[in-house]
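1. Fold the following.
(2 chains)
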Amino acid sequence: MRPWGYFNEIVGSKNAYLYFSDEGVDLGQRGNELEQYYHRVLEPSGEVPFLGYEMEEAEKIAMHLDWLGRDLKRDEARLNSPIFSGTILADARYLGKKPFWDTPSLRNVVPSARFGNLLVL
Amino acid sequence: MSTSVGPPTVEHPQPRGISSRLFVLALLLLVGGAIVRSAIATRLDGFTIDEAYHIAAGVSYVRYADFRINPEHPPLVKLWVGALLSATGFHLSPIRMFADKSDERDFTEKDVYLNNDFHSVQRRARIAMWALNGVLSFPSCAHGDTSTRL
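-> Modelled structure (predicted):
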């Protein structure tokens, strides 16, 4: 059972992140599952993900995560590239339509995994 | 001989209600059910972005009787959680001068995540919060035991 937050009868729960973008959608509480997914799937394959999820620096270090931007010298080329290829761990609350900083390319990707409102793209 | 004349005595029917014992039992079941539901529904959750900050602040209140860290909220819940963590083991660095709120947050989060087993900290904080919610039902139980007819 995964108790995604209830919003209302119209938008339901599963896709509520497309209509709401507040702390009721997510508040960074999927860190433990992100940690497990990283060590189970990403780390063995050598993938360094883009971490678009709200986590504190100390939390990421304590979980022994690696992420794009941790080593700017190492990651400079990937971060500066106009075309991104790789894994994005995204907080779903930022994927709904927005007047500024909208991300339709991410919104339209089917997640390869999902933990509450943490999406693996 | 005189006779006092007063208004006729009217007996008001007692309102039907539940007994105090049933009220207390129902309340305990309700609160217990809420705690079980919380334990199941949030069992996969990690810390939200502010919880580590609040927890370390609570421990600092208990250890140092000093409320300078994260003073934006009323301290009761942080004191409660801080007391349990302090009693069961929590490494807290000596308080130092903070440059700004961000520095204060870094200080608390480093202690929770890097100087303690943060999974253990989270488990104990959850137990403390369930216990607090249970304890808060006691005044209602006591009230129901002495006065309740619903």
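
2. Can you read off the pLDDT for the closest residue to B:Met129 other than its chain neighbours?
-> Spatial nearest neighbour of B:Met129, excluding adjacent residues (CB to CB, 6 or more residues apart in numbering or on different chains): B:Val81 at 6.7 Å. Just so you know, the C-beta spots here come from the backbone N, C-alpha and C atoms, and that holds for glycine as well. At B:Val81, the model reports a pLDDT of 97.

3. before we move on, what about the one 10 residues further on?
-> B:His91 is assigned 96 on the pLDDT scale.

4. Contact partners for it?
-> By CB atoms under 8 Å, 6 or more residues apart in numbering or on different chains, the contact list for B:His91 reads B:Asp111, B:Asn115, B:Asn116.

5. any idea how far chain A is from the first one?
-> Put plainly, it is B:Asp111. For B:Asp111, the distance to chain A equals 9 Å [CB to the nearest CB, to the nearest Å].

6. same question, the last one
-> Using CB to the nearest CB, one gets 9 Å for the distance from B:Asn116 to chain A.

7. What sits closest to that residue if chain neighbours are left out?
-> With sequence-adjacent residues excluded and distances taken as CB to CB, 6+ apart, B:Asn116 is closest to B:His91, at 5.4 Å.

8. Can you tell me the SS state at that neighbour?
-> Assigned with DSSP: H, G, I helix; E, B strand; the rest coil, B:His91 falls in the coil class.

9. So which residues on chain A come close to chain B?
-> A:1-3, A:27-35, A:54-59, A:61-62, A:115-116 (CB under 8 Å from any CB of the partner chain).

10. In strands only, show me those residues.
-> Per DSSP state E, strands hold the following members of those: A:Phe115.

11. List buried residues within the residues of chain A next to chain B.
-> For the residues of chain A next to chain B, a burial check counting by 16 or more other CB atoms under 10 Å in any protein chain shown picks out A:27-35, A:54-56, A:58-59, A:62, A:115-116.

12. from what I can see B:Gly46 touches B:Arg123, true?
-> No - using CB atoms under 8 Å, B:Gly46 is not in contact with B:Arg123, being 11.3 Å away.

13. These two: which is more packed in?
-> Comparing B:Gly46 with B:Arg123 by other CB atoms under 10 Å in any protein chain shown, the one with more neighbours is B:Gly46, at 21 against 11.

14. Please report how far the more buried one lies from chain A.
-> B:Gly46 is 4 Å from chain A, where distance means CB to the nearest CB.

15. need the residues of chain B near chain A, please.
-> Proximity of chain B to chain A (CB under 8 Å from any CB) is limited to residues B:40-42, B:44-50, B:52, B:105-106, B:109-110, B:112-114, B:118-119.

16. SS state for the residue nearest to A:Asp66 when sequence neighbours are not counted?
-> Leaving aside its chain neighbours, A:Asp66 sits nearest to A:Val48 (5.2 Å; criterion: CB to CB, 6+ apart). Here A:Val48 is recorded as coil under three-state DSSP.

17. Nearest residue to A:Leu65 in space, ignoring adjacent ones along the chain?
-> Closest to A:Leu65 by CB to CB, 6+ apart is A:Tyr38, at 5.5 Å.

18. Tell me if I'm right that that neighbour and A:Pro49 touch.
-> Yes - A:Tyr38 is within contact range of A:Pro49, at 7.3 Å (criterion: CB under 8 Å).

19. host element of the residue lying closest to B:Asp111 once chain neighbours are set aside?
-> Nearest non-adjacent residue to B:Asp111, counting by CB to CB, 6+ apart: B:Ala56, 5.0 Å away. Assessed by DSSP states H and E, B:Ala56 sits inside helix B:51-64.

20. List the contacts of that helix.
-> Under CB under 8 Å, 6+ apart, the answer for helix B:51-64 is A:56, A:58-59, B:66-67, B:69-70, B:73, B:75, B:77-83, B:85-86, B:90, B:92, B:95, B:105, B:107-109, B:111-113, B:118, B:121-122, B:125.

21. Alright, calling it a day.
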